[in-house]
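1. Here's my sequence, what's the structure:
(chains A and B)
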Amino acid sequence: MQVGRGNSTTAVTLARRRLWRIGNWGDALSRIAFAGLGLSLLAVALLILYELVLESRHAISAFGWGFLTGTRWDPVDRVFGAAPAIYGTLASSFIALILAVPVSLGAAIFLSEMAPPWLRSPLSFLVEMLAALPSVVLGLWGIYVLIPWVRDPVEMWLGGHLSFIPLFDGPPFGVGMLAAGLVLAIMVLPIITAIARDVMQAVPTSQREAMVALGATRWEVIIGAVLPYCRSGLMGAVILGLGRALGETMAVTMVIGKGYNITASLFQPASTAASTLASEFNEATYNLYISALVELALILMGITLLVNILARLLVWRVARSPGVIAE
Amino acid sequence: MSGFAYRRRKIASIVVLGLCASSAFAAVGVLALILGFVLVNGISSLNLDFFTHMPTPLGEPGGGVANSIVGSLLIVGIAALLGIPAGVGAGVFLSEYASPRLGNVIRFTADVLTGVPSIVVGVFVYSMIVLKMGHFSALAAGIALAIIMLPIMARSSEEMLKLVPRSHREAALALGITRWRTILSVIIPAARRGLVTGGLLAVARAGGETAPLMFTALGNRFMSLSVTGGPIDALPMRIWRYGIGPYPEWHQQAWAASFVLVMMVFTISLTARLVLTRR
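-> The predicted structure follows:
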């Protein structure tokens, strides 16, 4: 600071005081600004909830709780029931988990416990790339590669040999619940794998060493020490995958085939809350229809909120910060 | 006999671990299968016209998706402009200012917000902005994507800012630098590599999103450079439109567009990774 020698003390003091004051203003302002940005997350979350409730009020007052259990979705007759969409959402996600969880856990075990270091990071990277694949691209692949395959060997075979099970009864359409479950399984696989790997790596080495010292084989170390130690984190990883599957839109919409019946058969076209929104929201022509769709969005948000809150609580207990990329 | 039992345990271990290894490779195999189809089908219908021309009317051969590429860049640009600074700011608040309790509440909200289905965000922005503006626009679509980027960005930048050693902050404060100057001139520059990585990953995530654009950008067949002017197209929307359409030419274009989109997303993700690891 260049200040004349003569009246230095007062000038310096004044300058300091001014700087101090500006600095304080800056501090106060920046604190408010950053706090505002931090709180904007809360605001956005609450605003989404508020807006969805507001816009679905017509449907809520018209159908009440019956909206949740109504099985007819008929825009022509102005009757809306969300049960088929809710069932489709839950069923397709459930199929996805059944298919994806064993593979994900296996892959996570390989990445965390077995793979040599030179293999670990490229494999992890590829798994993350699978997670980064845009859902619409997966849907396109689903339409032109997966569906013909699901129709011909898979559903033909299952229908031919196992049709006494209601799940596998019915004509092989290709599009339908099974295809949706498969596509969703591909989408949640990398997510569950990445988080489960992080969670397993958070297990202290001493746990493994103790098992090895007892004479355990490598698998016994994993099943006896690693997996029990991070059980709740693995549960969280699976539920986070479920959360993703429930809300997944594009790929599912492209392969599920838009059916509004609740049937046991996996071969039948179905619809999820998200797929109904994607295919009908822009075509909804009257207020009650739009309102019913928004209520469907509200239900979907409610389900994913519950699932995510549960998952976060479980994952947070084990690993403080779940992988950012995997989300 | 104990030798036999040991051998059995050993074999069981090898079998199960073999299954684990094969599931890891199965996951990679699925990726290879999808990328393979996108690559083969995409490249065969890719040419210069694809990038420079507009969609042709039905029945006319050729044409491209120039408007969708431009639209995507515009929408994602708006989203990045809104979402990244806000997300970094929220991250700064979380790492530098927030009390533990408030911090946890916000962190939790961010994580929950990350889990909100993107189509729900689309519905929200539709009723919040599109209805109030009276028409679809790039701005609405950008805001929808920014809402998706915000929590991702907030969490990743918080993690990166926390990696800056405490001594940096103490040194700056000891020199008499105010707190906000410390944040802007010391902490953020020290964490810039991580912040850039987080931003790139958020952009990659947003760039591939389709669902939030359907009710906000709507999409059309014309070139649009207007931020607030009306419907605008985007690459993922074009893939969807062409993919579910009945015409083989459309399917070819959809594969080509998928190839371009996948390349963009992967390049950005790869760059993000290199930025973080480069010394």
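
2. With adjacent residues omitted, what lies nearest to the residue in the stretch 151-279 of chain B positioned nearest to chain A?
-> Nearest residue of the stretch 151-279 of chain B to chain A: B:Gly208, at 3.0 Å (CB to the nearest CB). For the C-beta atoms, the positions are set from N, CA and C on the backbone; glycine is no exception. The shortest distance from B:Gly208 to any non-neighbouring residue, by CB to CB, 6 or more residues apart in numbering or on different chains, is to A:Pro134 (3.0 Å).

3. what's the neighbour count on that neighbour?
-> For A:Pro134, the count of nearby residues is 24 (other CB atoms under 10 Å in any protein chain shown).

4. Is it in contact with B:Met264, as I believe?
-> No. Between A:Pro134 and B:Met264 there is no contact under CB atoms under 8 Å: 9.4 Å.

5. list residues touching both of the two?
-> B:Gly207 (CB atoms under 8 Å, 6 or more residues apart in numbering or on different chains).

6. so what secondary structure elements neighbour the lowest-mean-pLDDT helix or strand in chain B?
-> Sorting the helices and strands of chain B by mean pLDDT, DSSP states H and E puts helix B:48-52 at the bottom, at a mean of 83. Other helices and strands packing on helix B:48-52, by 3 or more CB pairs under 8 Å, 6 or more residues apart in numbering or on different chains; DSSP states H and E, are helix B:66-92, helix B:248-277.

7. would you turn the ones you listed into a markdown table with distance to chain A?
-> Shown next, in a markdown table, are the helices and strands packed on helix B:48-52 (distance: least, CB to the nearest CB, whole Å):
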| stretch | distance to chain A |
| --- | --- |
| helix B:66-92 | 3 |
| helix B:248-277 | 4 |
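
8. Could you single out the most deeply buried of the ones you listed?
-> When you average the neighbours per residue for each of these (mean count of other CB atoms under 10 Å in any protein chain shown), helix B:66-92 leads with a mean of 23.

9. same for that one, what does it pack against?
-> Other helices and strands packing on helix B:66-92, by 3+ CB pairs under 8 Å, 6+ apart, are helix A:8-55, helix B:48-52, helix B:138-162, helix B:192-207, helix B:235-244.

10. so can I have CSV of these showing distance to A:Val294 and mean neighbour count?
-> Formatted as CSV, the helices and strands packed on helix B:66-92 follow (distance: least, CB to CB, whole Å; neighbours: other CB atoms under 10 Å in any protein chain shown):
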stretch, distance to A:Val294, mean neighbour count
helix A:8-55, 4, 15
helix B:48-52, 37, 13
helix B:138-162, 15, 26
helix B:192-207, 23, 22
helix B:235-244, 21, 25
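
11. can I get those helices in a markdown table with distance to B:Leu73?
-> Shown next, in a markdown table, are the helices and strands packed on helix B:66-92 (distance: least, CB to CB, whole Å):
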| stretch | distance to B:Leu73 |
| --- | --- |
| helix A:8-55 | 25 |
| helix B:48-52 | 12 |
| helix B:138-162 | 10 |
| helix B:192-207 | 9 |
| helix B:235-244 | 9 |
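
12. To A:Pro153, which of these lies closest?
-> Proximity to A:Pro153, assessed across those by CB to CB, is greatest for helix B:235-244 (23.3 Å).

13. Just the angle for the closest one relative to helix B:66-92, thanks.
-> Between helix B:235-244 and helix B:66-92, the angle comes out at 130 degrees (axes from the mean of the first three to the mean of the last three CA atoms, to 10 degrees).
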